[in-house]
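Undergrad: Quick one: sequence and predicted model below, then my questions.
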Amino acid sequence: MEGSRSETSAAREASEEIIYTSVKFSQTPLPRAKCGQERRAPCLWPAVVPGLAIGFGILSIILAIALIWKISDSQPRCPEQWVAYRGSCYSFSKEKKDWHSSQQSCREQGAHLLVISDTSEMDLFKSIQTECFWIGLRNSTGSGWIWEDGSILNGTNVPSNSRVQHCAVLMKGHFQASSCEFPAPWICEKSLG
């Protein structure tokens, strides 16, 4: 039996040796990665690029929209129903009040009655206004016409046919003196913002 044991042991050792030898020689080196990097997983860069490009594209669009929204949101605007022109906002009333009540209505909205500061502003109101509107021009002392902002009206005649006409309306592109008690619509003005 001893002989058969030695043969079995020898066969087992040979078998193990063959397995060992087989394992030892059957290993082959890892193939080189396509991107030139040895002993790493195959390069996935070509598969990742389209996904990254789409992701960055979507992120760029979202950031651009947010920036545009922020810029447009930060720009000064006129209140709803007001008209913007050259850094000011204008409101044309539909109701009629006396001059003092019209002035008060503008103040309650953070504005003042219209003060025309130059010829281009006057040209604007000549082109869009057809009826008479209260403006911020008054002659309370009889010594001259003064705008609400304290500036003096120079070089422009304000026709009057009565001594009680101390307030001015803008009528068809011209100033006209009127009794301050006369009910008329008005134009409010305030800075853009």
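TA: Yes, it's here.
Undergrad: which one is Ala84 nearest to, not counting chain neighbours?
TA: Cys78 (4.6 Å; Cβ to Cβ, 6 or more residues apart in numbering). From N, CA and C alone the C-beta is placed, and that goes for glycine too.
Undergrad: Do a quick rundown of the helices in the protein.
TA: 2-26, 45-74, 99-108, 119-128 (DSSP state H).
Undergrad: returning to what we had before: what sits against the residue nearest to Ala84?
TA: Counting by Cβ atoms under 8 Å, 6 or more residues apart in numbering, Cys78 makes contact with Ala84, Cys89, Leu192.
Undergrad: Neighbours of the second one, how many?
TA: So that's Cys89. For Cys89, the neighbour count with other Cβ atoms under 10 Å is 22.
Undergrad: ok, it touching His112?
TA: No: if you go by Cβ atoms under 8 Å, Cys89 and His112 don't touch, sitting 11.5 Å apart.
Undergrad: before we move on, back to that, wait, which of the contacts of Cys78 is closest to Asn157?
TA: Comparing those against Asn157 with Cβ to Cβ places Cys89 closest, at 28.9 Å.
Undergrad: what's the spacing between the residue nearest to that closest one when sequence neighbours are not counted and Gly110?
TA: Nearest residue to Cys89, sequence neighbours excluded (Cβ to Cβ, 6+ apart): Cys78, at 3.6 Å. Distance from Cys78 to Gly110, counting by Cβ to Cβ, to the nearest Å: 12 Å.
Undergrad: which intervals of this protein have sub-threshold pLDDT?
TA: 1-49, 52, 55-57, 60, 63-64, 66-75, 129-130, 142, 193 (pLDDT under 70).
Undergrad: for it, what's the longest strand?
TA: Longest strand in the chain, counting residues (DSSP state E): strand 132-138.
Undergrad: And it, what does it pack against?
TA: When contacts are defined as 3 or more Cβ pairs under 8 Å, 6 or more residues apart in numbering; DSSP states H and E, strand 132-138 packs onto helix 99-108, strand 112-113, strand 146-147, strand 167-171, strand 174-178, strand 187-191.
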